[in-house]
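Asker: structure for the following, please:
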Amino acid sequence: MTSRTLRLSDGSTVRVLEAGAGEPLLLIHGVGLRAEAWGPQMRLEAHVFAVDMPGHGESQPLPEGARLPEYVAWAARVIEALGQGPMNVAGHSMGSLIAGGLAIERPDLVKRVALLNGVHRRTPEARAAVLGRADEIASGRGNIEAPLARWFTEAEAVTRAQVAGWLQAVSQKGYAMAYRAFAEGDTVYADRIGDIACPTLVLTADGDANSTPAMTYAMAGMVQHGQAVVIEGHRHMVNLTAPREVSAALRDWLAEEVTR
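Answerer: Numbering: from 1, shown residues only. Predicted coordinates for the structure are as follows:
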């Protein structure tokens, strides 16, 4: 696995972890994390590119006030700069909102799309809660214990500690801006999910209270070639806590025939 800096068409830079050979696969992590959050999936039988999201890790931030469409446009610039042609794109959490938006806005760049632990039309109560957390983070009152408690069980202490290190190291400005985009992003492309025409995997865990199985089945049912997968006994960071199951689902998705 190698790490390099990629320069985009707007002059900004992105850190990329690269491994493997075969079908090109772009991995986009969630808010507060970094490319290493895809560690188990870097071993997939593909040419894998995991990127630090803007304002995370070693990637430069987007301009102040960026919302989900700006993150989607950023992902399009990443694919263009990688020069692999249309790519398979998988995103986790905020990354899944970006991946889904990309498949809608730039279908020419997306061969297949996988939406892991994504959100779709939160309830009013859930929306109020996540917007409240966005306000706390923006004002510097956020803490990492709350998300860790939602994401992990007590039995997952080792993985929890690893993720805690990433959350502690992230740029607070980059974290706050991405979280605001995430908090407001569940409805941005909600009415256009049916436009996605490529093979689509929608995956979550049955213990993820924010990316619920109901959301997963709803999204998979809206797209033309959608498959829903719900992994039992896990929470939000399922790609790390159930790596075999998630990687198996991604392998099946990568094997799906693409017709254009």
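Asker: tell me which residues touch Asp108, please.
Answerer: Taking CB atoms under 8 Å, 6 or more residues apart in numbering, we find Asp108 in contact with Pro86. Glycine gets a C-beta too; all of them are placed from N, C-alpha and C.
Asker: what are the buried residues along stretch 17-29?
Answerer: Going by neighbour count (16 or more other CB atoms under 10 Å), the buried part of stretch 17-29 is 17-20, 23-29.
Asker: which of those fall in strands?
Answerer: Among those, the members found in strands (DSSP state E) are 17-19, 24-28.
Asker: need these in CSV with distance to His234, can you?
Answerer: Listed next are those as CSV, based on distance: CB to CB, whole Å:
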residue, distance to His234
Leu17, 24
Glu18, 28
Ala19, 24
Pro24, 28
Leu25, 22
Leu26, 24
Leu27, 19
Ile28, 20
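Asker: biggest separation within these, which pair?
Answerer: Among those, the pair separated by the greatest distance (CB to CB) is Ala19 and Ile28, at 15.7 Å.
Asker: related to what we said a few turns ago, now tabulate the ones in strands among the buried residues of stretch 17-29 in a markdown table and tack on pLDDT and distance to Gly194.
Answerer: Formatted as a markdown table, those follow (pLDDT from 0 to 100; distance: CB to CB, whole Å):
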| residue | pLDDT | distance to Gly194 |
| --- | --- | --- |
| Leu17 | 98 | 33 |
| Glu18 | 98 | 33 |
| Ala19 | 98 | 34 |
| Pro24 | 98 | 26 |
| Leu25 | 98 | 24 |
| Leu26 | 98 | 23 |
| Leu27 | 98 | 25 |
| Ile28 | 98 | 22 |
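Asker: closest one to Ala46 out of those, please.
Answerer: Nearest to Ala46 among these, with distances taken as CB to CB, is Leu25, at 4.2 Å.
Asker: list the contacts of that closest one.
Answerer: Leu25 sits next to 44, 46-49, 87-90, 254 when contact means CB under 8 Å, 6+ apart.
Asker: in CSV, list these along with secondary structure, pLDDT and neighbour count.
Answerer: Output for the contacts of Leu25, formatted as CSV (DSSP: H, G, I helix; E, B strand; the rest coil; pLDDT from 0 to 100; neighbours: other CB atoms under 10 Å):
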residue, secondary structure, pLDDT, neighbour count
Leu44, coil, 97, 22
Ala46, coil, 97, 21
His47, strand, 98, 18
Val48, strand, 98, 25
Phe49, strand, 98, 27
Met87, strand, 98, 23
Asn88, strand, 98, 28
Val89, strand, 98, 30
Ala90, strand, 98, 29
Leu254, helix, 97, 20
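Asker: redo those as a markdown table? Include distance to Ala176.
Answerer: Putting these into a markdown table (distance: CB to CB, whole Å) gives the following:
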| residue | distance to Ala176 |
| --- | --- |
| Leu44 | 32 |
| Ala46 | 33 |
| His47 | 33 |
| Val48 | 29 |
| Phe49 | 26 |
| Met87 | 29 |
| Asn88 | 30 |
| Val89 | 25 |
| Ala90 | 25 |
| Leu254 | 34 |
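Asker: and which of these is nearest Met219?
Answerer: The closest of these, once distances to Met219 are taken by CB to CB, is Ala90, at 14.3 Å.
Asker: which stretches of the chain form helices?
Answerer: Taking DSSP state H as the test, the helices found in the chain are 68-82, 94-105, 124-138, 145-151, 157-169, 172-184, 213-222, 238-241, 243-254.
Asker: what lies in contact with the shortest one?
Answerer: With contacts defined as CB under 8 Å, 6+ apart, helix 238-241 is touched by 37-41, 92, 116-117, 152, 156, 159, 162-163, 203-205, 208, 231, 234-235, 245-246.
Asker: thanks a lot, see you next time.
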